[in-house]
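1. Can you look at this prediction? I've put the sequence above it.
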Amino acid sequence: MGASVPHPAVPVGVAITTVGRWDALRNLLGDLATQTRRPCAVTIAHHDPDSAAKLDALVQSFAPQLEIRTVVSPRGISNGRNAAAATFGDEVEWLWFPNDTSRVDADFFERVFTHCTPATTVCAVQLADREGARNPLPPAGTKLTRRNAWGAIEPATLYRRDAFMTVGGFDPSMGSGADSPWQSGEGPDLLLRMGDLEGFSIAWVPGIVVKAQTEFAHLPPDERRRKLRNYGRGAGNVLRKWRYPLWYKAAHLVAAAMMPVRNPAKFGVRDSAALLVGRAEGLAGRPFSRNTDTRAILR
């Protein structure tokens, strides 16, 4: 019998930003290499030229299965994602931005691409870690609103490339590692900008999962609270920038204060306080402390 003919690649460009977690990145690339329908292109962005040799060696080990490029970008996840996305040509119709710790099943692209129709601009699936589902998704067919925009988390969302480029990609002043106090919120901000495009449509697909590292549980207490405060500040900034109603902003603060009651397995009182202060800082438009290092994660 002759060799089986491989399934055609999907016109998806996978744009990965790494901070040097080589074992995790190897696992993700392994998932991509064993897809029943592989992506047509992969680009890895990193900000440390000194790590180029390690990254090149890792990329070379997947050369037979995947077309992988690398690019050096300024620090910050939004800079990295934008730089990686800019390397793709017209053969790429859709963009996916997994973290370097993301994992997917072998039929991920085969399944998700059935939802990436010509009439769809964004496709949001479920993000989950060992603690459960990370993002509540609305029912299929629900239109995008400022409230449900928070359900489409970047590593579990595919974006039509032409729409992404039209709105200018991720805001480099937002997201983990950005040179600003706003260490999160780049995903909802991008989605809301895309939502203003004519003909915008989003598909909510809870039946497909991207597996993630835990949000905070894997971090030591001080680092966890630093991340909570800085991520909370980024979220509050989005509420301020997009002029969410006052009641929603107040509910956002109350929800942070109530975290130890709503989810005691994940949030202690000091965790809740860090999140509450961060969200208040974002709503105020400035940090309350004089600490000039506002990175959410120190690496």
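-> Here it is on my side, so go on. Numbers count the residues shown, from 1 in each chain.

2. okay, CA-based contacts and neighbour counts for the rest of this
-> Will do.

3. any idea where the strands of this structure begin and end?
-> Taking DSSP state E, the strands of the chain run over residues 10-17, 39-46, 68-72, 94-96, 122-129, 132-133, 157-160, 202-211.

4. The ones you listed: which one's closest to residue 145?
-> With CA to CA as the measure, strand 202-211 is the member of the strands of the chain nearest residue 145 (10.5 Å).

5. Quick one: list the elements packing against the longest helix seen in the chain.
-> Among the elements of type helix in the chain, defined by DSSP state H, the one spanning the most residues is helix 221-241. Using 3 or more CA pairs under 8 Å, 6 or more residues apart in numbering; DSSP states H and E as the contact criterion, the secondary-structure elements in contact with helix 221-241 are helix 269-284.

6. tell me the angle the helix it packs on makes with helix 221-241.
-> Put simply, helix 269-284 runs at 30 degrees to helix 221-241, going by axes from the mean of the first three to the mean of the last three CA atoms, to 10 degrees.

7. helices or strands next to helix 269-284 in the packing?
-> Taking 3+ CA pairs under 8 Å, 6+ apart as contact, the helices and strands that helix 269-284 lies on are helix 221-241, helix 246-257, helix 259-262.

8. In the second one, which residues are buried?
-> In this case it means helix 246-257. Residues of helix 246-257 classed as buried under the neighbour-count rule (16 or more other CA atoms under 10 Å) are 249, 252, 253, 255, 256, 257.

9. cool, and the longest one?
-> When burial is assessed from 16+ other CA under 10 Å, helix 221-241 yields the following buried residues: 224-240.

10. Report the separation between residue 153 and residue 245.
-> 22 Å (CA to CA, to the nearest Å).

11. Could you check which of these two has the larger neighbour count?
-> For residue 153 against residue 245, the residue with the higher neighbour count under other CA atoms under 10 Å is residue 153, and the figures read 23 against 10.

12. OK, contacts around that one?
-> Counting by CA atoms under 8 Å, 6 or more residues apart in numbering, residue 153 makes contact with 124, 127, 135, 187, 188.

13. can those residues go into a markdown table with extra columns for pLDDT?
-> As requested, the contacts of residue 153 are arranged in a markdown table below (pLDDT from 0 to 100):
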| residue | pLDDT |
| --- | --- |
| 124 | 98 |
| 127 | 97 |
| 135 | 86 |
| 187 | 98 |
| 188 | 98 |
